[in-house]
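[1] Structure of the sequence below:
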Amino acid sequence: MNNSSPNLAAAGRGGARAPRIGVTMGDPAGIGPEVVLKAVAEPEVLAACVPVIVGDAQHLAHTARTLDLRCGYEIVRRGEPFPEDAAGPVIYHLDNIQGTVAPGVESGDAGRAAAEYIEAAVELCGAGVVEAIATAPINKRALFLGGYSFPGHTEFLAHLTGSPESAMAFVASNLRIVLISTHVPLAEAIRLVEKERILRVTRLADRELRRWGIVRPRIAVAALNPHGAEGGLFGVEEAAEIQPAVEACRAEGLEVSGPHSADTVFLRASRGEFDAVISCYHDQAMIPVKCLSFGEAVNVTLGLPFIRTSVDHGTAFDIAGRGVAEHSSMVAAITLAARLARADESGRAVEV
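    Residues are numbered from 1 along each chain as shown. Got it, this is the predicted structure:
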């Protein structure tokens, strides 16, 4: 992480002001610019924080004119001193889009721009200008075409910060899920269901949940195979990898149980039996999250040196530029980032 900018470092946190939350614009060809502009205008967001939109001011202004959205915000160019008295949304302008970007069209230029917003947001966090980051969606293919070989935000942020351990988690109104693996082929995800990896993710989840105010997290580990493998009839991963990991966690004093059959464990957690579920692969987690809280869940990266949240949806190229994108998940991501940032600053736990 870059901590070297003197102008940014001079703008570090002071007093009791609302936390500043860096909000990346996401892929400019997707719905990111739209949902960001809609979200930062919401009274709920403005009451929680000072949003700092990290993106291209000209593209945001064009989006606002096209969709009749508000965008009359103070603009700070990269490298300029940050205004300490900023009380409303600020646009941190990178000026990295040449010409216009066609809505809904996947491109390397858009992917590169989206990656640069993430890099700049990390720089702002490292300099103390913002206390947390909330990210709008990126397109993984566009990111690759733009020269970045990361499958998603989680891996990219871990690389930028040099974080040895990180994990993707999702927070819904009544459900918390942490993933063993993220955006990998299913065959590879199955291979990643291994004792040491489960141990690392479960320890990380326990540590982060304690920061969030859960004194003794009750963590359930989902099974990989149907019905928890039925004693080995449907697979060996439960007995060979998951159960030993659970036993090792319990020996360390963690309140962990499993493997629990995946067809019921998420429902049980949503009803309050567990504080979080460790999921074996991406879609095992996303199906219950999106069924129970689509458009309102928040993606949280665990293990980074700062708070990072994100929306629970993608770039939605099919509706980009039409003005119909729902922004409730962006609102939830920004306000959760603000709550967690306040907890970090004060040293007090916060229930999530």
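
[2] Run a quick neighbour tally on Ser181.
    Per other C-beta atoms under 10 Å, the neighbour tally for Ser181 reads 22. C-beta coordinates here come from the backbone N, C-alpha and C atoms, glycine included.

[3] Same question for Ala86.
    If we define neighbours as other C-beta under 10 Å, then Ala86 has 18 of them.

[4] how is the protein carved up into domains?
    1-163+305-352, 166-303 (automatic domain parsing).

[5] Between those, which has the poorest mean confidence score?
    Among the domains of the chain, domain 1-163+305-352 carries the lowest mean pLDDT, a mean of 88.

[6] May I ask you to confirm that Glu34 belongs to a helix?
    Yes - under DSSP: H, G, I helix; E, B strand; the rest coil, Glu34 falls within a helix.

[7] so it makes contact with Met330?
    No - under the criterion of C-beta atoms under 8 Å, Glu34 makes no contact with Met330, lying 9.4 Å away.

[8] Mind checking which of these two has more residues around it?
    Per other C-beta under 10 Å, whichever of Glu34 and Met330 has more neighbours is Met330, with 34 against 30.

[9] List the contacts of the more buried one.
    By C-beta atoms under 8 Å, 6 or more residues apart in numbering, Met330 lies in contact with Val23, Val35, Val36, Lys38, Ala39, Ala134, Ala136, Val311.

[10] Grab the nearest non-local neighbour of the last one.
    Counting by C-beta to C-beta, 6 or more residues apart in numbering, the nearest residue to Val311 once its immediate chain neighbours are dropped is Ser329, at 4.1 Å.

[11] ditto for the fifth one
    Take Ala39 and drop its neighbours on the chain: the residue closest to it by C-beta to C-beta, 6+ apart is Met330, 3.9 Å away.

[12] The one you found falls within a helix, correct?
    Yes - counting by three-state DSSP, Met330 is found in a helix.

[13] I'd like to know how far it sits from Ala262.
    29 Å (C-beta to C-beta, to the nearest Å).

[14] Check Asn139 too.
    Asn139 is 29 Å from Ala262, by C-beta to C-beta.

[15] Ok, Gly303 next?
    Gly303 is 24 Å from Ala262, by C-beta to C-beta.

[16] now do Ala276
    Distance from Ala276 to Ala262, counting by C-beta to C-beta: 14 Å.

[17] Looking at these two, which one has more neighbours?
    More crowded of Ala276 and Ala262, by other C-beta under 10 Å: Ala276, with 26 against 22.
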